[in-house]
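Participant: Just a sequence and a predicted model for now, questions to come.
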Amino acid sequence: MKTFSAGFEEHLSGACTTLCWCWQVTRRDGVTLGFTDHDRPIEFDGVTFEASSGFTGSDIEAGLGLAVDNMEVEGALSSDVIIEADIAAGLYDDAAIILYRVNWSDPAQRAVMQRGNIGEVSRGELAFSAEMRSLSHRLNQNTGRTFQYGCDAELGDERCGVNLLSASYFGAGSVAGVSGRVFVCAGLDGFDADLFSWGSVVWLSGANQGARVKVKVHKITSEGAAELSLWQAPARPIAPGDTFNVFAGCAHTFAACADKFDNALNYRGFPHMPGADFVTAYATQDEQTNDGSAIVK
């Protein structure tokens, strides 16, 4: 049950109300934006909620229990602060969102109606649609360790122990030539092929400045230059001269941990875990290993 301040509750129980909806969105890059369906801007808590932004909200589905409450926010791509490239770059994915009910004649009278995160975002030619999920959607996500062959540590974190800022696993370069999501690099001489495969690039300049993208393949061209292929093209074009930092990547296999990083003691997977073939296997008279000895030594 929602509780309101005395002044706001008195306003809600009056014969005439001056109410509007306000959405506060905090993107993944830390930028906070405000939108309202009122025809004039509203400001509170240091955030200006843009008027007539093109945002419209659907009915809010809410219920008791731990079911995920949802609503949809639709909008046009005409707002100065809503840029299609930012949506494509994923800046709004999982962004924190707060939904307010506000007395626009006295914004101090307001209440938080729902908190959550932006879920699936779909884009059309002139508009977008974003799903707002309540905080209970976090309960649907897996937490804790998973027993699997692959390592579940993040390369470079405390559990892994690899120092990604060391000269062996970190490089700074620039784009010498580009074709879509594949580009030839300057400044990465001396690094073996495949070191940066599964790694990441952080753009220091150019149209994608500040963005982090995943590397699919790192190889050496016939001319001896490093070539990086990304898993997907950035939201904005890559251009010759763009500078970046690149970090080594790991396939999260025991072989990569041992051979590529000499870090087998910190491997966080279970490479000797029996698989489906072992579970369904049975002994036969022709086998020579039915002596009770250990399968893995």
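Facilitator: Arrived safely. Numbering: from 1, shown residues only.
Participant: Show the pLDDT at the residue lying closest to I118 once chain neighbours are set aside.
Facilitator: In space, and not counting its chain neighbours, I118 is closest to A95: 4.6 Å by Cβ to Cβ, 6 or more residues apart in numbering. Any C-beta I mention is one placed from the backbone N, CA and C, and that applies to glycine too. The per-residue pLDDT reported for A95 equals 85.
Participant: and A95, how many residues sit next to it?
Facilitator: 22 (other Cβ atoms under 10 Å).
Participant: Where do the strands of the stretch 1-150 of the chain begin and end?
Facilitator: 19-26, 32-36, 42-44, 47-50, 56-57, 70-76, 96-103, 110-123, 127-134 (DSSP state E, counting those that start in this stretch).
Participant: follow-up on the earlier one: so the residue nearest to I118 is in contact with R28, correct?
Facilitator: Yes: the criterion here is Cβ atoms under 8 Å, and A95 meets it with R28 at 6.1 Å.
Participant: for the record, mean pLDDT for stretch 277-285?
Facilitator: 73.
Participant: Start and end of it, how far apart?
Facilitator: End-to-end span of stretch 277-285 (Cα to Cα, to the nearest Å): 18 Å.
Participant: What residue spans form the domains of the protein?
Facilitator: Annotated domains of the chain cover 6-140, 170-247 [automatic domain parsing].
Participant: which stretches of the chain aren't confidently modelled?
Facilitator: For the chain, the stretches with pLDDT under 70 are 1, 52-80, 122-129, 136-143, 286-290, 292, 294-297.
Participant: center of it, which residue is that?
Facilitator: By Cα atoms, centre = their mean, the chain has its centre lying nearest to D93, at 6.3 Å.
Participant: can I assume that residue is in contact with I118?
Facilitator: Yes: using Cβ under 8 Å, D93 is in contact with I118, at 6.8 Å.
Participant: Identify the residue spatially nearest to A172, adjacent ones excluded.
Facilitator: Nearest residue to A172, sequence neighbours excluded (Cβ to Cβ, 6+ apart): N245, at 5.4 Å.
Participant: does the one you found sit in a helix or strand, and which one?
Facilitator: Using DSSP states H and E, N245 maps to strand 243-247.
Participant: Parallel or antiparallel, which strands does that strand pair with?
Facilitator: Sheet pairing of strand 243-247 (DSSP bridges) gives strand 170-179 (antiparallel), strand 200-203 (antiparallel).
Participant: Now tell me what touches that strand from outside.
Facilitator: 156, 164, 169-175, 185, 188, 196, 199-206, 215, 228 (Cβ atoms under 8 Å, 6 or more residues apart in numbering).
Participant: Give the buried subset of the residues you listed as a PyMOL selection command.
Facilitator: Selection of the buried residues among the contacts of strand 243-247 in PyMOL, burial being defined by 16 or more other Cβ atoms under 10 Å:
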select buried, resi 156+164+169+170+171+173+174+175+185+188+196+199+200+201+203+206+215+228
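Participant: Tell me the helices and strands packed up against the one helix or strand K219 maps to.
Facilitator: Secondary structure assigned from DSSP H and E places K219 in strand 212-220. In terms of contacts (3 or more Cβ pairs under 8 Å, 6 or more residues apart in numbering; DSSP states H and E), strand 212-220 is packed against strand 200-203, strand 226-230.
Participant: Just the CA atoms of the longest helix seen in the chain, as PDB, please.
Facilitator: When the chain is parsed with DSSP state H, its longest helix is helix 6-12. Taking Å, rounded to 0.1, in the frame of the first residue of the first chain, the C-alpha atoms of helix 6-12 are listed here in PDB:
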ATOM      1  CA  ALA A   6      -0.200  14.900   4.100                       C
ATOM      2  CA  GLY A   7      -0.200  17.600   1.500                       C
ATOM      3  CA  PHE A   8      -0.200  15.200  -1.400                       C
ATOM      4  CA  GLU A   9      -2.900  13.100   0.100                       C
ATOM      5  CA  GLU A  10      -5.100  16.100   0.600                       C
ATOM      6  CA  HIS A  11      -4.500  17.100  -3.000                       C
ATOM      7  CA  LEU A  12      -5.400  13.600  -4.200                       C
END
